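Undergrad: Sharing a model that was predicted from the sequence below.
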Amino acid sequence: MFKLNNWKQTIYKDDIKAVILNGLLMAVLGGILAGLVDYLLVDKLGSQFTIGLIIIAYFIVYKLKGAYFNYHILYPILGVVFFIIGMYISHITEIFITFKDYDFYLEYILKDPEWHFAFITRYYTDLKCAFEYKDVLDIFWSIFNILILVLLMGFCYKGVKGRN
């Protein structure tokens, strides 16, 4: 997987520009769309499963797979990084939609650094709360969401890598 000679391959400037530009674009657009979908499904309808991660992963893999002509091992790693950026943008979008009418609370949230990293700790916190309340269904959904997160990161890596 990570062979030393793969890192020694040349990175072409046009390829890396295309990968970074397309990856950031898809992370932003996919993150905004995922935040809207998660707000509607999770906050309004009460669903336990977050579809937004699948949207982000699909956008990134679809766009980055065709963004380069010569493969380099850095491109799949950048795909996973863009997936994490898309998760962050999805989280911020969901916060903006949820607290759009409460300006004072929104300012407090955006200044507090704990809220900016809540998109990563959200799955751990859900699992911890489910074990504290001993709710079997919440434990299942929390473990399922963590498993989906890990699988989608692997999907981003393998999808951008392609057959190389």
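TA: Arrived safely.
Undergrad: just the strands in the protein please.
TA: Remark: no strands are assigned in the chain by DSSP state E.
Undergrad: pLDDT weak spots in it?
TA: Residue ranges of the chain with pLDDT under 70: 1-6, 101, 103-110, 113-121, 123-124, 163-164.
Undergrad: So which residue is smack in the middle of it?
TA: By Cα atoms, centre = their mean, the chain has its centre lying nearest to M87, at 3.2 Å.
Undergrad: gap between it and V28?
TA: 12 Å (Cβ to Cβ, to the nearest Å). For glycine as for every other residue, the C-beta is placed from the backbone atoms N, C-alpha and C.
Undergrad: Next, count neighbours for the closest residue to V19 other than its chain neighbours.
TA: Take V19 and drop its neighbours on the chain: the residue closest to it by Cβ to Cβ, 6 or more residues apart in numbering is A67, 4.9 Å away. Neighbour count of A67, defined by other Cβ atoms under 10 Å: 20.
Undergrad: Surely A67 and K17 touch.
TA: No: between A67 and K17 there is no contact, the gap being 9.2 Å when judged by Cβ atoms under 8 Å.
Undergrad: Convert stretch 138-154 to CSV, retaining C-alpha atoms only.
TA: Only the C-alpha atoms of stretch 138-154 are listed here, as CSV (Å, rounded to 0.1, in the frame of the first residue of the first chain):
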residue,chain,number,x,y,z
ASP,A,138,-28.8,3.8,20.1
ILE,A,139,-25.7,1.6,20.7
PHE,A,140,-26.4,-0.2,17.4
TRP,A,141,-26.9,3.1,15.5
SER,A,142,-23.7,4.7,17.0
ILE,A,143,-21.6,1.6,16.1
PHE,A,144,-23.2,1.5,12.7
ASN,A,145,-22.4,5.2,12.0
ILE,A,146,-18.8,4.8,13.1
LEU,A,147,-18.4,1.7,10.9
ILE,A,148,-19.9,3.7,7.9
LEU,A,149,-17.5,6.5,8.6
VAL,A,150,-14.5,4.2,8.5
LEU,A,151,-15.8,2.4,5.4
LEU,A,152,-16.4,5.7,3.6
MET,A,153,-12.9,6.9,4.3
GLY,A,154,-11.6,3.6,2.8
